[in-house]
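1. With the input below, show me the fold.
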Amino acid sequence: MTARPAPGTPLVFRWRKWDGGPHWEHECVYLGSDQHGDWVGQRDGWRSARPGVDTVSLGDNVTLVPPSGTYAATLNATHPRIAVYIDIAWDLRWDDAEAAAGAGRVAGPTGIDMDLDVVRARDGRGIWIDDRDEWDEHRVRYGYPLEIVARLERVAGELEADVRAERAPYDGVTSARWLAVLDAVAPASTDPGHEARA
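-> Numbers count the residues shown, from 1 in each chain. Now for the predicted structure:
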């Protein structure tokens, strides 16, 4: 297992598409780990960008990176529309620490975004699996292997059920604990970019 940075260490969570093309990059800090996996956090106003889009987070959030490598679950503290946003993924793992250091950056999570998302809204829209149209289009365009398609569709369905049932870590208690860690290791005035952008 790749060594993890100390809690509070700034890093960048890097996504790519199946064909290797760049996708979202999120400025974060490492928070720690529990029985669910590793956690990173993002303060209100920290940067998230992908080709053609450069934005900032709306409120604090914490993201679970589980050992399965099949999703990343972001739990938002105060986002006006979204409470839970789970990116279905493939090959989600931590950078090799030596390779990252050789590139002059801190090792962080990296993975392939696989289109499907599980969403719990806080604006009355409920809970659903999003971007099925993009999933259907991309699995043909990129030739996703059938066994990966079947596995990730199963993962998305299981996660939707977990969110509906409010099973941990979607119980509110787990996210509150990690949001408190975010407060402790990255005060609201912290700018993660001085290290994470390197």
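2. Pull up the gap between the closest residue in space to P80 that isn't next to it in sequence and W128, please.
-> Excluding the flanking residues, the one nearest P80 by C-beta to C-beta, 6 or more residues apart in numbering is L58, at 6.4 Å. Yep, even glycine has a C-beta here, placed from its N, CA and C like the rest. Using C-beta to C-beta, to the nearest Å, one obtains 20 Å as the distance from L58 to W128.
3. between the two, which one's more packed in?
-> Ranked by neighbour count (other C-beta atoms under 10 Å), L58 and W128 place L58 first, with 16 against 13.
4. CA atoms only for stretch 101-119, dumped as CSV, please.
-> Output of stretch 101-119 as CSV, limited to C-alpha atoms (Å, rounded to 0.1, in the frame of the first residue of the first chain):
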residue,chain,number,x,y,z
ALA,A,101,7.7,13.0,-5.6
GLY,A,102,9.7,12.7,-8.8
ALA,A,103,7.1,14.9,-10.4
GLY,A,104,7.4,17.4,-7.6
ARG,A,105,4.0,16.8,-6.0
VAL,A,106,2.4,15.0,-3.1
ALA,A,107,0.9,11.5,-3.8
GLY,A,108,-2.9,11.7,-4.0
PRO,A,109,-5.9,9.7,-5.2
THR,A,110,-6.3,9.2,-8.9
GLY,A,111,-8.8,7.2,-10.9
ILE,A,112,-10.9,6.8,-14.0
ASP,A,113,-14.3,8.5,-13.9
MET,A,114,-16.8,6.0,-15.2
ASP,A,115,-19.7,8.4,-15.9
LEU,A,116,-22.4,7.0,-13.5
ASP,A,117,-23.0,8.9,-10.3
VAL,A,118,-25.2,8.3,-7.3
VAL,A,119,-26.8,11.6,-6.1
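5. Quickly find the element holding the spatially most central residue of the chain.
-> Central residue of the chain (C-alpha atoms, centre = their mean): A72, 4.0 Å from the mean position. A72 belongs to strand 71-76 when assigned by DSSP states H and E.
6. For that strand, name the packing helices and strands.
-> In terms of contacts (3 or more C-beta pairs under 8 Å, 6 or more residues apart in numbering; DSSP states H and E), strand 71-76 is packed against strand 61-65, strand 82-94, strand 109-121, helix 146-165, helix 173-185.
7. tell me which residues in the second one are buried?
-> Buried residues in strand 82-94, counting neighbours by 16 or more other C-beta atoms under 10 Å, are found at 82-90, 92, 94.
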